[in-house]
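>>> below are the sequence and a predicted model for it; my questions follow.
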Amino acid sequence: MAVDELDTRILRLLLEQPRTSVREYARVLGIARGTLQARLDRLERDGVITGTGPKLSPAALGHPVLAFVHIEVTQGHLDEVGDALAAVPEIIEAFSMTGGGDLLTRVVARDNGHLEDVIQRLIQLPGVVRTRTEMALRERVPHRLLPLVESMGRAAAEKQGKQAGRAAAEK
């Protein structure tokens, strides 16, 4: 979905000030509340906005160890293993992958011993052939979407500028 300059401004506010009211967002943006609500509804309907909950810190919740566990799966058992991963609370994300493993999971743990226990649990799942674990040392770039949104907004503004220039030239 393409976002325009106003969508970009809306998304920036949502990311930077997630606890602000719709009325306040409309005031800051200088647009009608109905216009803002229509935009928000469209962004949700199109799957751009997927949630509004708080961002939690596993480390602050007592799970400071972060590891990425690659899981190789017996052919034909990817769905079953994927479903089984959902029952492991320390797995906070899991993706089907190409390359060296079939699944990549993001795992949090209280300490290294707890991480080993989680990995042992994964190894015992039916359909798991082997795992490979890589421990994160320090987060260098936190999960972020604002730079992407801003670049899309700039591209949309440039496109609108070019279209307006062509339309003016044709007159």
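That came through fine.

>>> and L6, how far from A26?
11 Å (CB to CB, to the nearest Å). Every residue, glycine included, has its C-beta placed from N, CA and C.

>>> actually A169, not the one I wrote
Counting by CB to CB, the gap from A169 to A26 is 36 Å.

>>> just the C-alpha atoms of the helix or strand containing V118, please, in PDB.
Assigned by DSSP states H and E, V118 belongs to helix 112-123. C-alpha atoms of helix 112-123 as PDB (Å, rounded to 0.1, in the frame of the first residue of the first chain):
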ATOM      1  CA  ASN A 112      22.300 -19.300  30.000                       C
ATOM      2  CA  GLY A 113      21.100 -22.300  31.900                       C
ATOM      3  CA  HIS A 114      17.500 -21.400  31.200                       C
ATOM      4  CA  LEU A 115      18.400 -20.900  27.500                       C
ATOM      5  CA  GLU A 116      19.900 -24.400  27.500                       C
ATOM      6  CA  ASP A 117      16.700 -25.800  29.000                       C
ATOM      7  CA  VAL A 118      14.600 -24.100  26.300                       C
ATOM      8  CA  ILE A 119      16.900 -25.500  23.500                       C
ATOM      9  CA  GLN A 120      16.600 -29.000  25.000                       C
ATOM     10  CA  ARG A 121      12.800 -28.600  24.900                       C
ATOM     11  CA  LEU A 122      13.000 -27.600  21.200                       C
ATOM     12  CA  ILE A 123      15.300 -30.500  20.300                       C
END
